[in-house]
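Enquirer: Predicted model follows, preceded by the sequence.
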Amino acid sequence: MGKSKEISQDIRKRIVDLHKSGSSLGAISRCLKVPRSSVQTIICKYKKDGNVQPSYRSGRKKVLCPRDERALVRSVHINPRAKAKDLVNMMAEAGKNTGDYREYKGTKTNKEHLGRGGATNQGQ
């Protein structure tokens, strides 16, 4: 299934206004040239939540805050052969939220994220 463009806030508000005035879903869809399913989704969301703001995007939540992630990257930079389980133990000793060791594996291979901002490839 292909991804389409996100519907603007202005069109979302117009959809809700037309629905309040008594227009059918098909009429709103034809008038604004928006898929009927999108009109239906927007109206259902408005009825449920009372607003037409788009939802937050899905995805995995971060386990480490940016500060802890930088500390982890520094330690991997110092000892690139460190095992993920050892990194978890090191973070636990420091009192950080550790999570699972599998979350640390990506940090070991991410060579471009070495600290703040645009600092890349330091000392390599």
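Expert: That came through fine. Residues are numbered from 1 along each chain as shown.

Enquirer: wait, isn't residue 11 in contact with residue 32?
Expert: Yes: under the criterion of C-beta atoms under 8 Å, residue 11 makes contact with residue 32 at 6.0 Å. Quick note: C-beta positions are derived from backbone N, CA and C, even for glycine.

Enquirer: Please determine how far residue 7 is located from residue 58.
Expert: For residue 7, the distance to residue 58 equals 18 Å [C-beta to C-beta, to the nearest Å].

Enquirer: of the two, who's got more company?
Expert: Neighbour tally, residue 7 and residue 58, criterion other C-beta atoms under 10 Å: the higher count belongs to residue 7, 18 against 5.

Enquirer: residues in contact with that one?
Expert: Contact partners of residue 7, counting by C-beta atoms under 8 Å, 6 or more residues apart in numbering, are 34, 38, 42.

Enquirer: how about the nearest residue to residue 19 once chain neighbours are set aside, secondary structure?
Expert: Excluding its sequence neighbours, the residue lying closest to residue 19 (C-beta to C-beta, 6 or more residues apart in numbering) is residue 43, at 5.2 Å. Following DSSP: H, G, I helix; E, B strand; the rest coil, we place residue 43 in the helix state.

Enquirer: For residue 43, give its distance to residue 61.
Expert: From residue 43 across to residue 61, the span is 29 Å (C-beta to C-beta).

Enquirer: In terms of neighbours, single out the busier of those two.
Expert: residue 43 (19 against 4).

Enquirer: Go ahead and confirm that one touches residue 18.
Expert: No: applying C-beta under 8 Å as the test, residue 43 and residue 18 come out as separate, 9.5 Å apart.

Enquirer: Is residue 90 in contact with residue 75, as I believe?
Expert: Yes: checked against C-beta under 8 Å, the pair residue 90 and residue 75 is within contact range at 6.5 Å.
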